[in-house]
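> Can you look at this prediction? I've put the sequence above it.
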Amino acid sequence: MMKKPVIRLMAFSLIVIVIAAFSWQWWQSQQTLLPADIATGNGRIEADQIDITTKYAGRVKHILVQEGDLVTLDQVLANMDTTELDAQLAQTQAQVLQTQAAVVESSALIAQRESELTLAELEFKRVAALVKTGAISQSLADQKQTIKATAIAVYNAAKAHVNTLEQSVLVAQAEVKRVQTQIDEAVLKSPAMGRVLYRLAQPNEVLGSGGKVLTIINLGDIYMEVFLPSAQAYLTPIGAQARVKLDILDIAIPAQVSFVSPESQFTPKQVETQSERDKLMFRVKLRIPQALVLNHIEQVKTGVRGVAYIRLSATKGKQASAWPVFLQKLPDDINPAEQSSQ
C-alpha cells in the first residue's frame, strides 16, 4: 500500500497542475476576448545591424571598444594606420607651397615683361613719327616694330606661364584635400547610438577596402515586426497606437505603427477562394519611442519575444475601445499625459 505522505504529495501536485491548466486557459480566453478593433501578433524586439567597415585598404591600428560596449553617435570606434598617408600629405603640402612660390616669382617676371613691352611700344611710336618726316630709314622702323612684337609675345608667354602655375596650385591643393580625406576616413566612427555586437578584426590586421572591423546594433531604432491578415492590415494606419507585451515583463510597452507592407508576405500561388485570401499576411512594423529606449538603454535587449497589440481604425460612428486591463500598466517614466495619448 502507498504511504499517506506520498498520496498527499501526488494529490497536491495534481491540484497544482489543474490550477496551472485553468490559469493558462483563463489567460488564453482573455486574449481571445480582445476588442474587435485591437489586432494582435507575435514578434520579437529587433534592431538593425550596422557594419563598421574600412573605405580604403590598410592596417588596423587601434580598436577602442569591446563586444557589448554601448557606443554613442560619432564616437570613435577604431583607427586605421595612416603612416603612409601622413607622408603623402606632407609631400603634397610641400608641392602646394612650391607652386605658390613659383606663381609669385612668375608674377614678378610679368611686371618686368610689361615694362619691356611699354618701352618697345614708345620707341616704335617715336620711330614711326620720324619715318614720316624722312628723318630715319624704314628699316630702323621695321626693327623697332619687331622688337615690339617680340615684347608682346614674351609678355603673353609670361602671363600664360603664371596661369599654368596657378592651375598647378589648384591641382596640388586638391591632392592635399584628397589625402586629408583618406586620413579622416581612417578614423572609424559610430553612425548611430548602439551596442557592439561583434569585433571582426584585431589590431595590426590588414584589411582590404570595405573590410569589416565591427558590427553594432542600432539602438536608435528599436522595433517589433508582426504579421497581420489582410482584413486587419487594411485597418492599420501608419501612426496607429500599439502596445508590446514582452514575455519577460509584466508591463506593456507603448509603440507606434511606423510601416505597413504594401505587399502580402504569405501569398499562395493561386488565390481563388475566400479561405486562401484569408491566408494573406502583411508585415507591420511597430517602433518603440526613442525617449523610452534612451531611459532604459541598459535594459534593451534584442531578440526578446512577445506579443504586439495594435489599435485598428475605429468603425465610423463607433468609439475606440479601451486597452484591456493587462495592457494598461505602462513604464513608470511615462507621464500621465503620454499615457492618455497611448
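Looks like it arrived, so ask away.
> Show me where the stretch 1-150 of the chain has its strands.
38-46, 49-53, 58-63, 70-71, 76-80 (DSSP state E, counting those that start in this stretch).
> Work out the sheet partners of the first one and label each with its direction, please.
In this case it means strand 38-46. According to DSSP bridges, strand 38-46 forms sheet pairs with strand 223-229 (antiparallel), strand 305-311 (antiparallel).
> buried set for that strand?
For strand 38-46, the neighbour count (16 or more other C-beta atoms under 10 Å) marks 38, 39, 40, 41, 43, 45, 46 as buried. C-beta: built from backbone N, CA, C; applies to glycine.
> isn't the fifth one right up against residue 226?
It stands for residue 43. Yes. Counting by C-beta atoms under 8 Å, residue 43 sits close enough to residue 226 to count as a contact (4.3 Å).
> buried residues in stretch 85-98?
For stretch 85-98, a neighbour-count test (16+ other C-beta under 10 Å) marks 85, 88, 89, 92, 93, 95, 96 as buried.
> Which of those sits closest to residue 298?
residue 85 (38.2 Å; C-beta to C-beta).
> Touching, the closest one and residue 182? I think so.
Yes. Look at residue 85 against residue 182 with C-beta under 8 Å: they come within range, at 5.4 Å.
> do you know how far residue 304 is from residue 249?
9 Å (C-beta to C-beta, to the nearest Å).
> From residue 320, how far off is the closest residue to residue 288 other than its chain neighbours?
The shortest distance from residue 288 to any non-neighbouring residue, by C-beta to C-beta, 6 or more residues apart in numbering, is to residue 222 (4.4 Å). The gap separating residue 222 from residue 320 is 25 Å, by C-beta to C-beta.
> what does residue 55 give?
For residue 55, the distance to residue 320 - C-beta to C-beta - is 50 Å.
> Check residue 231 too.
18 Å.
> Serialize the buried residues of stretch 85-98 to CSV and add fields for distance to residue 308.
Shown next, in CSV, are the buried residues of stretch 85-98 (distance: C-beta to C-beta, whole Å):
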residue, distance to residue 308
85, 49
88, 54
89, 53
92, 56
93, 58
95, 61
96, 60
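> higher neighbour count, residue 222 and residue 320?
residue 222 (26 against 14; other C-beta atoms under 10 Å).
> Let me know the pLDDT of that one.
Here the pLDDT value assigned to residue 222 is 92.
> do residue 109 as well
At residue 109, the model reports a pLDDT of 70.
> residues contacting it?
For residue 109, the contacting residues are residue 158, by C-beta atoms under 8 Å, 6 or more residues apart in numbering.
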